[in-house]
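> Quick one, fold the following:
(one chain, ligands or ions: 1)
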Amino acid sequence: MAKMAAAPEPAAAPRLKPSTLVDTRVIYCGDNLEQFQKLPDACVDLIYIAPPFNSNRNYEVFWGETKEKRAFEDRHASTAAYIDSMRPRCVELDRVLKSTRFFDYH
Ligand SMILES: C[S@@+](CC[C@H](N)C(=O)[O-])C[C@H]1O[C@@H](n2cnc3c(N)ncnc32)[C@H](O)[C@@H]1O
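Okay, here's the model as predicted:
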């Protein structure tokens, strides 16, 4: 009776970064303008933002079982001041998005 050759072991998956442009295995925290400025041009496929809305309110919630306090201020000196704070961030996100961009602005 002929012997069957054992099936070859599957090759180990290469441990490459999903992107050569930016380390997508990291969650970067902090002011998004500072974080954007560390990124090269055209390195991002998708951006979703839910920025402050200029609602002239401050928000505070106690989150989850630990009741961690999460808060942010959404009061600005004027609508122009709000736009002035958003404009450089929008310029940066336009710069870092690829031409195949997906952008969702909530
Ligand atoms: C309308 S809330 C959106 C909340 C978010 N969608 C969520 O479910 O937690 C606006 C959020 O933007 C954050 N934020 C405000 N200015 C920021 C900035 N310069 N960089 C990064 N995040 C900022 C606030 O802390 C707040 O959490």
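> hmm, stretch 90-103 in reach of the ligand?
No: counting by C-beta under 6 Å from any ligand atom, the ligand is not contacted by stretch 90-103; separation bottoms out at 11.0 Å. C-beta coordinates here come from the backbone N, C-alpha and C atoms, glycine included.
> ok, residues contacting that stretch?
Around stretch 90-103, the neighbours that count as contacts under C-beta atoms under 8 Å, 6 or more residues apart in numbering are 32-33, 36-37, 39-47, 49.
> ok, now which ones touch the residue nearest to the spatial centre of the chain?
Relative to the mean C-alpha position of the chain, the nearest C-alpha, by C-alpha atoms, centre = their mean, is the one of I47, at 6.1 Å. Applying C-beta under 8 Å, 6+ apart to I47 gives the contacts L93, V96, L97, R101, F102, F103, D104.
> mind listing the strands for this protein?
44-49, 57-63, 68-74, 97-105 (DSSP state E).
> Name the residues that touch the second one?
For strand 57-63, the external contacting residues (C-beta under 8 Å, 6+ apart) are E68, K69, R70, A71, F72, E73, D74, R75.
> so can I have JSON lines of those residues showing pLDDT and neighbour count?
Output for those, formatted as JSON lines (pLDDT from 0 to 100; neighbours: other C-beta atoms under 10 Å):
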{"residue": "E68", "pLDDT": "95", "neighbour count": "9"}
{"residue": "K69", "pLDDT": "95", "neighbour count": "9"}
{"residue": "R70", "pLDDT": "93", "neighbour count": "10"}
{"residue": "A71", "pLDDT": "94", "neighbour count": "9"}
{"residue": "F72", "pLDDT": "92", "neighbour count": "11"}
{"residue": "E73", "pLDDT": "93", "neighbour count": "10"}
{"residue": "D74", "pLDDT": "95", "neighbour count": "14"}
{"residue": "R75", "pLDDT": "96", "neighbour count": "12"}
